[in-house]
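Asks: Below: sequence and its predicted model.
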Amino acid sequence: MKRLLLFLTILLSLFQGTAFAQEVPSSARSKEVIARIAPDLKKEFSQAGLTWGAPVFMRIFKKEKRLEVWVLKGKRFQHFKSYKIFTYGLRGLGPKLEEGDWRAPEGFYFVPPKMMNPSSRYHLAFNIGYPNKYDRRHGRTGGLIMVHGSCVSVGCYAMRDKRIEEIYTIADAALRNGQPFFRVHIFPFEMTEKNMKKYQDDDWFEFWRNLKQGYDLFEKNKTPPDADVKDGKYVFSPL
């Protein structure tokens with residue numbers, strides 16, 4: 001039964017047909033942005049051999065201040081573009097622990113349509129879903145952590161407006177085409193062996209070793225793993 005449920009979940013997450021399309025919130029602002037941005041993005045997708053509206057996946061690397069957009073092509077995700085993050089709070093590396101600590105989360109999150117915010121005070125935004133199951137298990141507090149525009153943040157991931165417009169438009173197209181949610185994996189840095197050795201004495205090293213397990217699975221398979229929590233740690237299942 002568990003195998004069947006997992007198979008159905010995977011099938012649904014990859015299904016691109018409009019029969020499963022969900023209602024995605026919109027505003028006059030988001031409609032104007034999408035109408036202006038989408039034509040050029042569609043050309044870039046076509047040039048990269050990608051299908052507009054295909055499922056997407058995002059990775060964030062704090063130290064590198066980089067958000068990556070990946071798009072499903074066949075059975076694997078292909079890197080489409082990387083976007084510079086303007087700022088992500090004032091406390092540097094390490095996960096968010098509590099409301100008002102000026103830290104940005106690290107971990108494994110997902111964004112369904114209802115968490116898209118086309119009317120944000122910060123231009124356009126989406127809520128990453130902090131606190132997730134892992135965060136709640138460890139008593140972490142706070143909420144409304146976004147990827148947004150306007151270049152201002154004390155704990156969110158803030159982009160320049162031009163960059164969030166592209167990211168938002170790509171995500172909106174995937175959700176409208178039937179992707180039930182898109183995953184956002186957030187890491188303190190590129191989790192190479194060199195970087196892991198560099199940070200091996202950090203207080204958060206054991207937590208980061210756990211994150212690296214999910215990082216490595218994507219690097220190997222180019223499909224984001226399903227992340228769950230067991231005994232206070234992330235556990236991963238390849239999709």
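Replies: Here it is on my side, so go on.
Asks: so where is the protein shaky, pLDDT-wise?
Replies: The chain contains residues with pLDDT under 70 at 1-22.
Asks: how about the helices in it?
Replies: For the chain, the helices defined by DSSP state H cover 2-14, 28-47, 133-137, 161-176, 193-198, 205-221.
Asks: Got the phi and psi for Tyr199?
Replies: Phi and psi for Tyr199, reported as degrees, to the nearest 10, are phi -110, psi 20.
Asks: Now do the nearest residue to it once chain neighbours are set aside against Met58, distance only.
Replies: Nearest residue to Tyr199, sequence neighbours excluded (Cβ to Cβ, 6 or more residues apart in numbering): Phe205, at 6.1 Å. Quick note: C-beta positions are derived from backbone N, CA and C, even for glycine. Distance, Phe205 to Met58, by Cβ to Cβ, to the nearest Å: 25 Å.
Asks: and the two? which has more neighbours close in?
Replies: Neighbour totals were compared for Phe205 and Met58, and Met58 leads with 23 against 12 (other Cβ atoms under 10 Å).
Asks: which non-adjacent residue is nearest the more buried one?
Replies: Nearest non-adjacent residue to Met58 (Cβ to Cβ, 6+ apart): Val184, at 4.7 Å.
Asks: My guess is Tyr134 contacts Val235. True?
Replies: No - contact criterion Cβ atoms under 8 Å: Tyr134 and Val235 do not qualify, at 10.1 Å.
Asks: Name the residues contacting each of these two.
Replies: Residues touching both Tyr134 and Val235 by Cβ atoms under 8 Å, 6 or more residues apart in numbering: Ala227, Val229.
Asks: neighbour-wise, which of those two wins?
Replies: Neighbour tally, Tyr134 and Val235, criterion other Cβ under 10 Å: the higher count belongs to Tyr134, 22 against 14.
Asks: Would you enumerate the residues in contact with the residue lying closest to the more buried one once chain neighbours are set aside?
Replies: When the adjacent residues along the chain are set aside, Tyr134 lies closest to Val229, with 4.8 Å between them (Cβ to Cβ, 6+ apart). By Cβ under 8 Å, 6+ apart, the contact set of Val229 is Lys133, Tyr134, Arg137, Val235.
Asks: In this structure the first one contacts Gly232, no?
Replies: The reference is to Lys133. No - Lys133 is beyond contact range of Gly232, at 10.7 Å (criterion: Cβ under 8 Å).
Asks: What distance do you get for Glu166 to Ile37?
Replies: Per Cβ to Cβ, Glu166 is found 6 Å from Ile37.
Asks: How about Phe181?
Replies: According to Cβ to Cβ, Phe181 stands 22 Å off from Ile37.
Asks: Please name the bridge partners of the residue nearest to Met58.
Replies: As for beta bridges, Val184 partners with Met58, Tyr109 under DSSP bridges.
Asks: circling back: what is the nearest of the contacts of Val229 to Pro105?
Replies: Closest approach between the contacts of Val229 and Pro105, by Cβ to Cβ: Tyr134, at 9.8 Å.
Asks: rewinding a little: burial measure for the residue nearest to Met58, as a count.
Replies: Other residues close to Val184 by other Cβ under 10 Å number 25.
Asks: same deal with Ala48?
Replies: For Ala48, using other Cβ under 10 Å, the count is 13.
Asks: wait, isn't it in contact with His79?
Replies: No - if you go by Cβ under 8 Å, Ala48 and His79 don't touch, sitting 9.1 Å apart.
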